[in-house]
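Asks: next one to model:
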Amino acid sequence: SVCCVRAVLPTAVRLQAAPTSLLELVTRGVLRKRQSGIMNTGLNLCALRCDRFALYTASVRVSSTPMIEEQHAPDAQRRSIPPTTVGSPLVKRIAIAALLIPILLLAAYVGLLLALPCVVVSIVLGLREWYRMLEHDAYQPDALIGLIAALGFCAAAVVQITLHVDVSGLVLCGSIMLLLVRGMQGRQQRRLVDQALTLMGACYIGWLMSHHLLLLGLQTPLNPGWLDALQLSAGAAWLYFAFGVNWMHDATAFFVGRRWGRRSIAPRISPQKTWEGFAGGMLGSIGMALLSVPLYGLPVSLPVAAMMGTAGGVAAFFGDLAVSWVKRQFGLKNTGNLLPGHGGLLDRVDSLLFSIPLIYYLVLLEMRIG
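Replies: Residues are numbered from 1 along each chain as shown. Here you go, the predicted model:
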């Protein structure tokens, strides 16, 4: 009987989901063993029934053991049940924001000497996340040329600030030529879509992020403000304005959407973004824009500041939504894991990539018109 149990048990375990056919399986196994001469021909009917009962009991124990272990397993080991620490992601988000915001404000206050290294590091880390997402989806980006192009846009911003010459078009033309030439080299030529996505990453991260430097380099005269004691430069004041509009939009949209959000804006792209949260974010960005005029002494009227706050809030929303759409395309939840509670760097600066360039060009337009 022991030989019969050992011979049939592995097959019975594989058929845990169908216990009704277990007795038939035992019968077939016993007959095969009898035909092969392994079992003794003297087994009687009573012993066979005992074997069947013992085998059925053993299979039931095997099938029920993982269920019992799963019920008593820790929450972190069960994929179907989320961790019970609901507040920990929010705590991490606040802690990371409390660490990064002073660094950004200090870099803007010091000026180009400190802001340039911060932008360069952000471009490198952002491109690294972008190209890793591409590789995750079986693309083969030309990371070297992409990095050169992105840093070229950053260098073009510095040239525009110091020499007042816009060479970003030259950087774009050179990047396109380099990517096309690199695509034709080698026995195994690169796909055109890989080169196009490489250039897209350089423009999306390098060119858009270089507008932080361009906004910091503005030299518009400021009016008397509440923070005159800080002796802020005009570029730092405008960058603080853009930061405040963006961060206030994100914060108010998050908390209003979490408390009163009901109707989703884009359920297929980002189900957690609601119309209620968007409305709260717009009110927050407009309010922060109006507050920034007397706070920093910005040389614009309140209606113009409200218009800039509205544009900055809308751009911040679409910047966040754009990264969510990209992550959906690649089947990823986050762009990376650099920042706990936020995900990757692109998850944190996604709204800034759209709002700061728009605010920069609106300020230029206001300076020309005014």
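
Asks: ramachandran coordinates for Trp339?
Replies: Trp isn't right for residue 339; it's Leu. Torsion angles at Leu339 (phi, psi; degrees, to the nearest 10) stand at phi -110, psi 110.

Asks: contacting residues for the closest residue to it other than its chain neighbours?
Replies: Excluding its sequence neighbours, the residue lying closest to Leu339 (Cβ to Cβ, 6 or more residues apart in numbering) is Ile96, at 5.1 Å. C-beta: built from backbone N, CA, C; applies to glycine. For Ile96, the contact set (Cβ atoms under 8 Å, 6 or more residues apart in numbering) comprises 339-342, 348.

Asks: which residues in the stretch 201-350 of the chain form strands?
Replies: Secondary structure of the stretch 201-350 of the chain (DSSP state E, counting those that start in this stretch): strands at 264-266, 270-274.

Asks: so can I have CSV of these showing mean neighbour count, mean pLDDT and distance to Leu358?
Replies: Shown next, in CSV, are the strands of the stretch 201-350 of the chain (neighbours: other Cβ atoms under 10 Å; pLDDT from 0 to 100; distance: least, Cβ to Cβ, whole Å):
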stretch, mean neighbour count, mean pLDDT, distance to Leu358
strand 264-266, 16, 94, 20
strand 270-274, 17, 91, 19
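
Asks: list the contacts of stretch 293-300.
Replies: 220-228, 232, 237-238, 240-241, 292, 301-302, 305, 308, 366, 370.

Asks: any stretches of the stretch 1-150 of the chain with poor pLDDT?
Replies: Residue ranges of the stretch 1-150 of the chain with pLDDT under 70: 1-88.

Asks: relative to Val120, which of the strands of the stretch 201-350 of the chain is closest?
Replies: strand 270-274 (29.8 Å; Cβ to Cβ).

Asks: helices or strands next to that closest one in the packing?
Replies: When contacts are defined as 3 or more Cβ pairs under 8 Å, 6 or more residues apart in numbering; DSSP states H and E, strand 270-274 sits against helix 234-260, strand 264-266, helix 302-330.

Asks: just the angle between that strand and helix 302-330, please?
Replies: 160 degrees (axes from the mean of the first three to the mean of the last three Cα atoms, to 10 degrees).

Asks: quick one, strand 270-274 and helix 234-260 angle?
Replies: Orientation of strand 270-274 against helix 234-260 (the same axes, to 10 degrees) gives an angle of 100 degrees.

Asks: one step back: tabulate the strands of the stretch 201-350 of the chain (CSV), appending distance to Leu100.
Replies: Shown next, in CSV, are those (distance: least, Cβ to Cβ, whole Å):
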stretch, distance to Leu100
strand 264-266, 27
strand 270-274, 22
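
Asks: so which of these gets nearest Val158?
Replies: Taking Cβ to Cβ, strand 270-274 is the member of the strands of the stretch 201-350 of the chain nearest to Val158, at 35.0 Å.

Asks: and for that closest one, what's in contact with it?
Replies: With Cβ under 8 Å, 6+ apart as the test, strand 270-274 has contacts from 253, 257, 261-266, 317, 320-321, 324.

Asks: just give me the closest of those to Arg182.
Replies: Lowest distance from Arg182 to the contacts of strand 270-274 (Cβ to Cβ) belongs to Ser324, with 31.0 Å.

Asks: the closest one reaches Arg268, doesn't it?
Replies: No - assessed by Cβ atoms under 8 Å, Ser324 is found out of contact with Arg268, at 10.0 Å.

Asks: neighbour-wise, which of these two wins?
Replies: Taking neighbours as other Cβ atoms under 10 Å, Ser324 and Arg268 compare with Ser324 leading, 18 against 8.

Asks: list the contacts for the more buried one?
Replies: Residues counted as contacts of Ser324 (Cβ under 8 Å, 6+ apart) are 266, 269-270, 273.

Asks: one more time with 7 Å
Replies: Residues near Ser324 by Cβ atoms under 7 Å, 6 or more residues apart in numbering: 269-270.

Asks: can you check the pLDDT for it?
Replies: pLDDT, the model's per-residue confidence, is 94 for Ser324.

Asks: and if you look at Gly186?
Replies: Listed pLDDT for Gly186 reads 69.

Asks: make 239 the first number, not 1, from now on.
Replies: Renumbered: residue one is now 239, and that last one reads Gly424.

Asks: which residue packs closest to Asp375, ignoring adjacent ones?
Replies: Here the residue nearest Asp375, using Cβ to Cβ, 6+ apart, is Phe568, at 4.9 Å.

Asks: does the one you found touch Tyr369 like I think?
Replies: No - between Phe568 and Tyr369 there is no contact under Cβ atoms under 7 Å: 11.6 Å.

Asks: between those two, who's got more neighbours?
Replies: Per other Cβ under 10 Å, whichever of Phe568 and Tyr369 has more neighbours is Tyr369, with 20 against 14.

Asks: for that one, give me its contacts.
Replies: Residues near Tyr369 by Cβ under 7 Å, 6+ apart: 379, 381, 384, 439.

Asks: cool, Gly574 as well?
Replies: Shown in contact with Gly574 (Cβ under 7 Å, 6+ apart): 367, 581-583.

Asks: turn those residues into TSV, including neighbour count and distance to Arg420.
Replies: TSV is the format used below for the contacts of Gly574 (neighbours: other Cβ atoms under 10 Å; distance: Cβ to Cβ, whole Å):
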residue	neighbour count	distance to Arg420
Glu367	22	22
Gly581	20	31
Gly582	24	26
Leu583	23	26
